[in-house]
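Asker: Structure for the following, please:
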Amino acid sequence: MDHPINPTDELDEEGRVLVSNKWIEDWLWELGKHLGPIMISHGPSKSFKDNVDVVYAFPCASMPEECEFLFSRPRPGHYPKPETLERARHCPTFLVPQGHTFSEDKHLQWRISTTLMERLLVFDFTAEQQHVYVLLKMMRKWFIKPVVGDKFSTFHMKTAVMFTVESSQPDIWRRDSIISCTVNCLNTLLRWIKIGYCPHFTTFGVNLFHGKLDRQQLHKLKDVITQIKLHNMWCIYQIKMDMLGFRLLPDIHILDDSRRHNNQLKILRGILIWIPIVLSSIISNLISAIKQQNIYEAVEGIIGHLRHVHSIHNSGSSVDREAASLLLPHLYGTLASTLASCCIALQLPVTQFVFNLYKLSFTSDLMSTKLKFASMLYCSGQFGAAAQVLTHCEGLLGPDVAHYCVCAGRGWPSKGQSDAYLEDGLDCNTVDLLKSHSTLCVMFSIHERCCVHEYLQCEMFRTMTHEDQQLRHGGNVWMDIVVLDCVPFLHYLQYLVNRQLDQPARKMVALQKLNDYVCRPGGIGGHVDTATHMLAHCWELENQPDAAFDLYQQSVRHYPRNNIANWHLARFLQ
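Answerer: Residues are numbered from 1 along each chain as shown. Take a look at the predicted model:
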């Protein structure tokens with residue numbers, strides 16, 4: 001490459017193009033104009049939420065020479081374990097957009113990141129070593145942060161623990177010696193502070209103090225740690241975080257169960273937000289990616305993903321297997337719906353093989369793939385079977401069910417988490433909770449269009465004008481597919497099925513439930529526009545055009561752009 005591509009690129013004296021680390025930040029600023037929130041920076045992290053860190057990075061083609069230091073330096077051998085080192089050797093390293101604080105060319109500098117290696121090394125800690133690390137983190141936040149701020153970070157503490165564990169005998173790390181082991185880690189830090197050099201555990205030649213702490217701050221840090229040692233760690237009784245000091249007092253054994261319980265619920269709430277976000281993003285990106293492929297390429301692509309995820313499920317770690325178990329049923333559902341759509345388009349009966357694929361998909365979550373199955377049954381004329389599936393799905397609903405929608409610009413990830421749902425989560429495995437008490441959006445690709453009512457197929461074409469396109473960004477891939485929240489889609493299908501079965505009373509009950517959902521006080525989360533359109537279509541079928549027209553107008557007021565209601569209004573005005 002001999003000429004700049006991005007406006008922030010620069011040419012050096014030798015004519016080479018240097019990619020500035022500012023182009024990612026500039027791109028995110030442009031993205032923020034559409035999303036609304038202000039971008040927040042924490043070191044190399046750039047995100048739109050203060051409690052979320054997102055680091056954009058490029059994988060290195062090969063491991064940098066500096067990182068070979070981890071595998072070549074002499075050590076006793078008990079930490080890290082040989083098998084951990086072997087796994088770390090195969091971890092990718094990254095370049096992250098962050099330059100040296102005091103460099104004039106910091107906008108052209110990138111930092112080596114070994115975050116996946118470090119993750120393995122922390123997982124190699126024993127329970128006692130983890131306790132020491134957590135205690136040090138709490139001490140940093142409670143005693144050190146008020147003095148030197150975030151310049152001295154948990155990364156420094158983690159590095160001190162790693163080097164201390166590596167250089168000490170493994171038999172000292174016992175439950176009854178956590179305090180003394182913590183003091184050993186503080187001694188390691190004091191040695192580094194005295195020489196002004198904190199080595200990086202995985203990268204040679206890096207001083208973690210440089211650009212973070214100046215001489216005066218190091219002196220303050222030394223005083224704080226020295227005082228902690230002089231008082232024999234009695235300061236930890238002052239730590240109010242998680243009521244640590246209160247719980248350590250020798251004459252008091254009462255735990256604040258209520259506070260602990262609330263903390264557990266808060267942690268669980270956060271976990272149960274991010275797993276659906278990642279899972280839904282994978283599914284929507286896959287479905288969107290096959291849009292430009294023909295049907296044969298799409299089927300081959302889905303099968304390829306299935307094989308890959310199966311291999312992870314069979315040979316991966318326990319965490320990998322759990323992640324694969326969440327994704328596999330959704331892939332089976334997408335493949336089943338794609339093949340069923342072909343059968344319906346060719347006016348052929350849906351084969352038993354496809355039915356078997358649908359059965360494999362039913363453990364994806366509480367009902368999203370079951371509703372895809374019911375929709376296929378309706379579109380293939382099997383109205384009685386569809387009615388039975390929908391009755392079963394409605395029976396699954398209850399106060400202990402969470403409804404997740406994480407689509408950018410529409411989603412409300414935690415809106416559907418009730419207290420009953422979170423209480424259930426404390427008593428069971430997270431994966432089981434997501435499968436048996438949670439619903440995700442129902443998604444149909446262009447190759448599944450014959451498995452969804454033709455009225456909803458137009459939702460794939462909500463981006464109609466140049467202005468619509470300008471308001472889209474990378475997170476809006478779901479706009480090119482049909483995406484539906486489970487509850488309104490359930491009632492919409494009930495209405496359609498009972499209409500075909502000539503069950504007017506049941507049909508009107510379903511219509512009333514859909515209307516109650518769309519018009520309920522406090523609003524609804526997720527795809528409010530599509531839910532409104534489904535209700536409008538029902539009123540059109542009831543020969544109530546005025547009611548339908550009002551609903552389309554209501555939808556446009558919510559979302560003026562990238563909304564198929566604009567087309568429906570134009571249809572009414574012709």
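Asker: Assess the claim that Gln293 and Ile302 are in contact.
Answerer: No: between Gln293 and Ile302 there is no contact under Cβ atoms under 8 Å: 10.1 Å. In short, each C-beta sits where N, CA and C put it, glycine included.
Asker: neighbour count winner among the two?
Answerer: The neighbour comparison of Gln293 against Ile302 (other Cβ atoms under 10 Å) goes to Ile302, with 22 against 15.
Asker: phi, psi of that one?
Answerer: phi -60, psi -40 (degrees, to the nearest 10).
Asker: contacting residues for it?
Answerer: By Cβ atoms under 8 Å, 6 or more residues apart in numbering, the residues touching Ile302 are Leu286, Ile290, Leu331, Thr334, Leu335, Thr338.
Asker: Need the pLDDT of it.
Answerer: Here the pLDDT value assigned to Ile302 is 90.
Asker: for Leu551, same thing?
Answerer: As predicted, Leu551 sits at a pLDDT of 94.
Asker: ok, now Gln544?
Answerer: With respect to pLDDT, Gln544 scores 94.
Asker: cool, Gly409 as well?
Answerer: Looking at Gly409, its pLDDT reads 69.
Asker: remind me which residues of the stretch 301-450 of the chain are low pLDDT?
Answerer: Within the stretch 301-450 of the chain, the stretches with pLDDT under 70 are 409, 411-416.
Asker: all strands for it, in order.
Answerer: 402-403, 438-439, 442-444 (DSSP state E, counting those that start in this stretch).
Asker: Would you format those strands as TSV with distance to Ala570 included?
Answerer: Output for the strands of the stretch 301-450 of the chain, formatted as TSV (distance: least, Cβ to Cβ, whole Å):
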stretch	distance to Ala570
strand 402-403	32
strand 438-439	33
strand 442-444	24
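Asker: ok, back up a step: out of the contacts of Ile302, which are buried?
Answerer: Leu286, Ile290, Leu331, Thr334, Leu335, Thr338 (16 or more other Cβ atoms under 10 Å).
Asker: quick check, nearest of those residues to Leu186?
Answerer: Nearest to Leu186 among those is Leu286, at 48.9 Å by Cβ to Cβ.
Asker: surely that closest one meets Gly333?
Answerer: No: using Cβ under 8 Å, Leu286 makes no contact with Gly333, being 11.5 Å away.
Asker: What residues of the helix or strand harbouring Phe489 count as buried?
Answerer: Per DSSP states H and E, Phe489 falls inside helix 486-500. By neighbour count with 16+ other Cβ under 10 Å, helix 486-500 contains the buried residues 486-499.
Asker: and of those residues, the nearest to Glu297?
Answerer: Nearest to Glu297 among these, with distances taken as Cβ to Cβ, is Phe489, at 28.1 Å.
Asker: Pull up the per-residue confidence for the closest one.
Answerer: As predicted, Phe489 sits at a pLDDT of 96.
Asker: Equivalent analysis for the one 5 residues further on, please.
Answerer: pLDDT for Gln494: 97.
Asker: which residues touch it?
Answerer: Taking Cβ under 8 Å, 6+ apart, we find Gln494 in contact with Ala387, Leu390, Glu394, Arg506, Lys507, Val509, Ala510, Lys513.
Asker: switch to 6 Å and redo it
Answerer: By Cβ atoms under 6 Å, 6 or more residues apart in numbering, the contact list for Gln494 reads Leu390, Ala510.
Asker: What of Ser337?
Answerer: With contact set as Cβ under 6 Å, 6+ apart, Ser337 has these partners: Lys372, Glu448, Cys451.
Asker: Leaving out the residues flanking it, which one is nearest to it?
Answerer: Closest residue to Ser337 apart from its sequence neighbours, by Cβ to Cβ, 6 or more residues apart in numbering: Glu448 at 4.3 Å.
Asker: likewise Met376?
Answerer: The nearest residue in space to Met376 (Cβ to Cβ, 6+ apart) is Cys451, at 4.3 Å.
Asker: distance of the one you found from Val482?
Answerer: 10 Å (Cβ to Cβ, to the nearest Å).
Asker: Between these two, which contacts overlap?
Answerer: Common contacts of Cys451 and Val482 (Cβ under 6 Å, 6+ apart): none found.
Asker: How many neighbouring residues does Leu70 have?
Answerer: Neighbourhood size, Leu70 [other Cβ under 10 Å]: 22.
Asker: Show me what the strand or helix carrying it is in contact with.
Answerer: For Leu70, the element it lies in under DSSP H and E is helix 69-72. Here helix 69-72 makes contact (Cβ under 6 Å, 6+ apart) with Thr202, Phe204.
Asker: where's it relative to the chain centroid, distance-wise?
Answerer: Centroid displacement of helix 69-72 relative to its chain, using Cα atoms, centre = their mean, to the nearest Å, is 33 Å.
Asker: buried sites along that helix?
Answerer: Residues of helix 69-72 classed as buried by neighbour count (16+ other Cβ under 10 Å): Phe69, Leu70.
Asker: Same question for stretch 122-134.
Answerer: Going by neighbour count (16+ other Cβ under 10 Å), the buried part of stretch 122-134 is Asp124, Phe125, Glu128, Gln129, His131, Val132, Tyr133.
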